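[1] A predicted structure for the sequence below; I have some questions about it.
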2 protein chains.
Amino acid sequence: MATSIIDVAKRAEVSTATVSRALRGLPNVSAATRERVLRAAEELSYSVSPHASSLASGRTGTVGVVVPFVNRWFYSQVLAGVDSVLRAHDLDLLLYNLGDERVHERFFTRMPLRRRVDALIVLNLPLSAAESEALVSMEVPIAVLGGSIPGCWHVSIDNQEGASTAVRHLINLGHRRIGMITAAPGDPRGFTTPIVRQHAYRTVLAQAGIAYDPDLEVPGHLSIDEGASAMAQLLSLAEPPTAVFAESDQMAFGALRTLGRMGLSAPDDVSVIGFDDHETAELLDLTTIAQPVAHQGELLARQILDALSGGDEEPTQVVVPTRLVVRGTTGAAREHPPRYHSTPRPGPEPDQHSTTAR
Amino acid sequence: MATSIIDVAKRAEVSTATVSRALRGLPNVSAATRERVLRAAEELSYSVSPHASSLASGRTGTVGVVVPFVNRWFYSQVLAGVDSVLRAHDLDLLLYNLGDERVHERFFTRMPLRRRVDALIVLNLPLSAAESEALVSMEVPIAVLGGSIPGCWHVSIDNQEGASTAVRHLINLGHRRIGMITAAPGDPRGFTTPIVRQHAYRTVLAQAGIAYDPDLEVPGHLSIDEGASAMAQLLSLAEPPTAVFAESDQMAFGALRTLGRMGLSAPDDVSVIGFDDHETAELLDLTTIAQPVAHQGELLARQILDALSGGDEEPTQVVVPTRLVVRGTTGAAREHPPRYHSTPRPGPEPDQHSTTAR
DNA sequence: CGGCGCGTTGTAAACGTGTGCATGAGAACA
DNA sequence: TGTTCTCATGCACACGTTTACAACGCGCCG
């Protein structure tokens, strides 16, 4: 299809300039000519070359989305939100998945997005100061999820409030010995979420007059397995917790698995609360702190739209609320906390590793 | 940053043509000049304009990926696979999420990818004949996952074999009354997977000398809820199945939930097998047919690389094997199948809707 | 009737790179 | 020493738009 704007111009008997104006719906073209141009374009099944257009205009009609892991529930959900509003405004979405450490590095040394996008959306990516600076130096609007870069647009949840609510929920149920499975910030980069949540945990306990016990804080990465081993560690304490706040639902799932494998259950033996409202949280009947996931993606995209269309407004920072979702894994503390057995309780198949509904 | 190739040329005291050749590593440029050019580019922190480059060369360095739902586990996983190999070859990934029906239509009327990508990867998208044709008319290499378009590259799993294995597994455990929760092809478009699996189910039953009973085939969409209600329907039969093959893990999850809510369990009352090996299948201890998900994405991307680099080879069709993963939700059929109770069995909290480990 | 403003259209110059072709300098060879 | 071949480099055009500027026609008002 070598049909260019020139062909359309010839067929409509106007200049290429008029074709360009007519096709983009600019105001200063008469109704008759516009009609003629549109018809010609239609008949030639013409479509503009995005590259030529970008080159001439300087605009790319594309926004880059940088993601740590596309294949994790949370990010794919946010991505869908971003996509829906970008798409509705005819903006293209250039995806960058930086899960791998080497890919991450390469991205920041080569900066493949330079001159390639009109704006950037950065999802929850732990960035060094130099990396943040590199992004800013691209001189396009940037919207950041769950981070903080000076001069950028921001969307985040109220981690302080969410985590506090989780811990208060457990306290209100009568628990006094409350553990936390926390995502340790092993990275030297600015990734503040776990710190904020941990701080909230400690603060709420202190407010309730409960003494701080470092043994009850177990670190791990954001995965099922790490959640599982963290729970194992908690249960091996001389005086185990009667309730556990897990930094993420994933970790909570692991915690539940450990409970199941040890013949214990939630909330009878230990109450468990998570964070995120992951899609399988409902399935596992997990009490959790819900955050609006896709919605955050939509908000990010909207901020970008504002930044692109609306001149030089100041970047905004929007904080979306979290919500306690009470399900079946949290319950009232017992008068006398149960003794923990090292042997599984009697069951149909005691040695089977299973957390299945049964 | 208005630094263009001209600035680099001046600084290195060569022509722009030489700069272009040197930067792209073309062979016919002397080591000394190349060195000088690279240094000049470095000092000016110059990076080529992808759009100008595309315009001049005709190549875009971009491949479009069309996805029905980015936010579903399966697709996000495949997407990650695609991304990893494209990224390794410096190809950009333009994402199109067509979940919404209107977005889908709009995509095919406006064809926003025309002239914008060097190749296309289509993930498991139900397409009408006209739509397939529209894609082919873009005249770029196309790799299709789980579908069939003449002249395109193909990756898929062996659904026939996978489904047969699932049903045989149940038969080998002694089950004779086996239900199937199937994803009804409500769409008029070519989406053959459910049909193939259903056919395999019927065939294997027939081979085992088990009479076909249409009541045991319950249709629904690919979701937890639909799986749940399908299972409810199966359990309400006069003579319920002792084992169920669910078309997808998601549907199997729903089935397990229904069992749990009715006070039944797998495999004691009903054996359940799924398909996919979804990430939470392990958590729920679900027996399933595993398919290599990210790997399929990698294969698609590799096909595209072949198509782009290697001249005019014939498109290939690669079929990846599935694998039976035996976990805890399938077990031997009982001699005397249990009577189903309409009231939940005694438990700590009988009326609680929960499939949690307990 | 002349000048002015407005709305519509054309002209032509960017935008920044890739690439066919010509040129020139040596090297190899007879 | 002259011819041919190779390799490095430059020239200039093409790629397909957008857009500043100019030009033109026309109605309106003084």
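    The structure has been received and is ready for your questions.
[2] can you pull out the strands in the stretch 151-300 of chain A?
    Taking DSSP state E, counting those that start in this stretch as the test, the strands found in the stretch 151-300 of chain A are A:153-157, A:178-183, A:217-220, A:243-246, A:271-276, A:287-290.
[3] For A:V144, grab phi and psi.
    Note on A:V144: its backbone torsions stand at phi -120, psi 130 [degrees, to the nearest 10].
[4] Just to check, it is in contact with A:H154?
    Yes - using Cβ atoms under 8 Å, A:V144 is in contact with A:H154, at 5.3 Å. In this view, the C-beta of every residue, glycine as well, is placed from N, C-alpha and C.
[5] Who has more neighbours out of those two?
    Neighbours around A:V144 and A:H154, counted as other Cβ atoms under 10 Å in any protein chain shown, are more numerous at A:V144. The numbers are 26 against 20.
[6] give me the beta-bridge partners of that one?
    Beta-bridge pairing for A:V144 (DSSP bridges): A:V122, A:H154.
[7] ok, how many other residues are close to A:R24?
    Using other Cβ under 10 Å, A:R24 is surrounded by 11 other residues.
[8] go on, A:V270?
    A:V270: 29 surrounding residues under other Cβ under 10 Å.
[9] from memory it sits against A:M262, does it?
    No - counting by Cβ under 8 Å, A:V270 sits too far from A:M262 to count as a contact (9.9 Å).
[10] Overlap of the contact sets of the two?
    Both A:V270 and A:M262 are in contact with A:L235, where contact means Cβ atoms under 8 Å, 6 or more residues apart in numbering or on different chains.
[11] so of the strands of the stretch 151-300 of chain A, which one's packed in deepest?
    For these, the largest average neighbour count (mean count of other Cβ atoms under 10 Å in any protein chain shown) is found in strand A:243-246, namely a mean of 30.
[12] does chain B sit close to it?
    No - applying Cβ under 8 Å from any Cβ of the partner chain, one finds strand A:243-246 separated from chain B by no less than 14.1 Å.
[13] Need the contact partners of that strand.
    For strand A:243-246, the external contacting residues (Cβ under 8 Å, 6+ apart) are A:163, A:166-167, A:170, A:173, A:175, A:177-181, A:201, A:227, A:230-231, A:234, A:252, A:255, A:270-275, A:330, A:333.
[14] For it, give the mean pLDDT please.
    On average, the pLDDT along strand A:243-246 is 98.
[15] go on, stretch A:66-74?
    The predicted model gives stretch A:66-74 an average pLDDT of 95.
[16] Ok, stretch A:209-219 next?
    Rounded mean pLDDT across stretch A:209-219 is 96.
[17] do the same with stretch A:277-286
    Averaging pLDDT along stretch A:277-286 yields 94.
[18] now the end-to-end length of that stretch.
    In stretch A:277-286, first residue to last residue: 8 Å (Cα to Cα, to the nearest Å).
[19] how far does it sit from the chain's center?
    Centroid separation for stretch A:277-286 versus its chain: 17 Å, with Cα atoms, centre = their mean, to the nearest Å.
[20] hmm, who's touching that stretch?
    Stretch A:277-286 is contacted from outside by A:73-74, A:248-250, A:252-253, A:256, A:272-274, A:288-291, A:293, A:325, A:327-329, B:224, B:253, B:257, B:280, B:283-284, B:352-357, using Cβ under 8 Å, 6+ apart.
[21] Return the subset of those lying in helices.
    The members of the contacts of stretch A:277-286 that map onto helices under DSSP state H are A:W73, A:F74, A:D249, A:Q250, A:A252, A:F253, A:L256, A:V293, B:I224, B:F253, B:R257.
[22] Show me which residues of chain A sit near DNA strand D.
    Residues of chain A lying close to DNA strand D by Cβ under 7 Å from any atom of the strand are A:2, A:4-6, A:16-17, A:20-21, A:23-24, A:46, A:48-49, A:52-53, A:55-58.
[23] Pull out the buried members of those residues.
    Buried subset of those (neighbour count, 16 or more other Cβ atoms under 10 Å in any protein chain shown): A:I5, A:S20, A:R21, A:L23, A:Y46, A:V48, A:S49, A:A52, A:S53, A:L55.
[24] can you pull out the helices in the stretch 101-250 of chain A?
    A:101-110, A:129-136, A:159-172, A:193-207, A:224-235, A:249-261 (DSSP state H, counting those that start in this stretch).
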